[in-house]
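Student: sequence below, structure please.
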Amino acid sequence: MLTASFASAEEIPNPLGVASFAELVKNLADAVTKIAIPFVVVFLIYAGFLFVSARGNEKQLTNAKEIFKWTIIGAAVIVGADALANAAVSLVQSLGT
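Tutor: Numbers count the residues shown, from 1 in each chain. Here you go, the predicted structure:
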């Protein structure tokens with residue numbers, strides 16, 4: 001007769017190292033922000049380079065303005081998403097206590 005003993009099974013370690021879903025969301029938002037901010041800086045420098053190298057060429061100035069505009073919008077989305085995630089985590093944690 002075969003019997004399975006599940007009580008003696010080894011416990012699987014948590015690979016994420018978080019204790020709750022809220023902590024996972026906070027860590028994920030922080031990681032995305034830390035990765036995305038250097039890209040924002042690079043694109044701001046690139047847009048500045050395009051502004052300087054345009055030398056009055058209207059087409060190149062328009063391109064530089066578009067890159068600058070979308071870089072600022074992207075930075076606002078990144079910072080806003082991080083702030084929203086942190087606010088949601090703190091709200092959930094305050095409701096849990």
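
Student: per-residue pLDDT, the residue positioned nearest the centre of the chain?
Tutor: In the chain, the residue lying closest to the centroid (CA atoms, centre = their mean) is V32, at 2.4 Å. V32 is assigned a pLDDT of 94 by the prediction.

Student: in the one helix or strand it maps to, which residues are buried?
Tutor: Counting by DSSP states H and E, the element that carries V32 is helix 21-54. Neighbour-count burial for helix 21-54, counted by 16 or more other CB atoms under 10 Å, picks out 22, 25-26, 29, 33, 36, 40, 43, 47, 50-51, 54. From N, CA and C alone the C-beta is placed, and that goes for glycine too.

Student: lowest-confidence entry in the residues you listed?
Tutor: A22 (83).

Student: one step back: what's the farthest-apart pair in the buried residues of helix 21-54?
Tutor: Across those, the longest distance by CB to CB is 46.8 Å; it joins A22 and A54.

Student: I'd assumed V79 was in contact with the residue nearest to the centre of the chain.
Tutor: No. At 11.1 Å, V32 does not count as touching V79 under the criterion of CB atoms under 8 Å.

Student: returning to that earlier point: who's in contact with the residue nearest to the centre of the chain?
Tutor: For V32, the contact set (CB atoms under 8 Å, 6 or more residues apart in numbering) comprises 78, 81-82.

Student: could I get the buried residues of helix 21-54 as CSV with distance to I73?
Tutor: Output for the buried residues of helix 21-54, formatted as CSV (distance: CB to CB, whole Å):
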residue, distance to I73
A22, 28
V25, 23
K26, 24
A29, 18
T33, 16
A36, 13
V40, 10
F43, 11
A47, 12
L50, 17
F51, 17
A54, 21
